[in-house]
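Engineer: got a sequence here, can you build the structure:
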Amino acid sequence: IFKILDQNKPELVLLDVQSVPAGQEGWLAFDVTTASNHWLLHPRSNLGIRLYVETEEDRSLSAGWIGLVGRRGPRSKQPFMVTFFRENQVPCRPPRAVKPHPRRKKPKYDLPVPNRSPANSGGQPCKKHELYVSFSDLGWKDWVLAPTGYSAYYCDGECFYPLGSCMNATNHALIQQVVHLLKPDEVPKACCAPTKLSPISVLFYDDNNNVILKKHRNMVVKTCGCL
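Structural biologist: Below you'll find the predicted structure:
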């Protein structure tokens with residue numbers, strides 16, 4: 001499979017090669033990451049990709065003649081591209097406790113602040129961390145066709161007091177954190193957990209060996225927060 005550089009000239013860049021024995025049935029997966037990364041930076045350079053089929057004797061064959069399904073085939077067997085985008089994560093620093101100005105009158109609706117401050121454990125604040133899940137490592141490669149894995153991410157870290165806006169804390173977490181400072185042996189700290197998740201599409205075989213494309217909910221952590 002090649003990336004097209006010029007429609008008017010035979011200028012191609014090799015992206016990937018697959019060796020397919022006669023009689024094989026199933027999906028062919030090609031790595032076109034190099035092309036897609038370049039197209040994201042230079043969209044006008046996207047002239048598409050081209051597939052060639054050759055025998056070991058370098059004899060060209062028609063893709064349709066050897067059985068490759070094209071755009072006219074069944075919808076469940078249409079060629080498609082799987083792309084993953086990594087979200088930029090802004091580092092979150094632990095907020096500092098700020099003492100109110102002595103001349104400023106404290107509003108009645110403010111939460112009470114205990115006269116004790118938690119010990120600094122030196123841990124990292126609650127945030128999203130990298131986690132790539134490989135379906136092959138899970139033993140699912142025999143029935144999951146695509147993708148081969150995905151970036152699931154996970155949440156980890158401490159919910160420091162006071163809880164800053166970058167920690168996406170709920171009102172319940174704010175109250176729980178205050179009560180924890182007053183009664184540390186009775187009430188635990190607020191926990192770092194996913195606050196927003198997104199789905200992924202998975203192509204797999206069902207029990208009847210039918211190829212199914214299904215969107216699974218709540219598979220990727222988008223944001224973390226204190227709950």
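
Engineer: now do the SS call for residue 138.
Structural biologist: The three-state assignment at residue 138 reads coil, by DSSP: H, G, I helix; E, B strand; the rest coil.

Engineer: now residue 11, nearest residue through space, not along the chain?
Structural biologist: Nearest non-adjacent residue to residue 11, counting by Cβ to Cβ, 6 or more residues apart in numbering: residue 5, 3.9 Å away. For the C-beta atoms, the positions are set from N, CA and C on the backbone; glycine is no exception.

Engineer: report the central residue of this protein.
Structural biologist: With the centre of the chain defined as its mean C-alpha position, the nearest residue by Cα atoms, centre = their mean is residue 151, 3.9 Å away.

Engineer: which residues does that residue bridge with?
Structural biologist: On DSSP bridges, the residues paired with residue 151 through beta bridges are residue 132.

Engineer: same question for residue 13.
Structural biologist: residue 3.

Engineer: count the residues that sit near it.
Structural biologist: A total of 12 residues lie near residue 13 under the criterion other Cβ atoms under 10 Å.

Engineer: would you agree it is in contact with residue 32?
Structural biologist: No: under the criterion of Cβ atoms under 8 Å, residue 13 is not in contact with residue 32, lying 10.6 Å apart.

Engineer: mutual contacts of those two, please.
Structural biologist: Common neighbours of residue 13 and residue 32, using Cβ atoms under 8 Å, 6 or more residues apart in numbering, are residue 3.

Engineer: now do residue 152, the pLDDT please.
Structural biologist: In this model, residue 152 is scored at 94, pLDDT.
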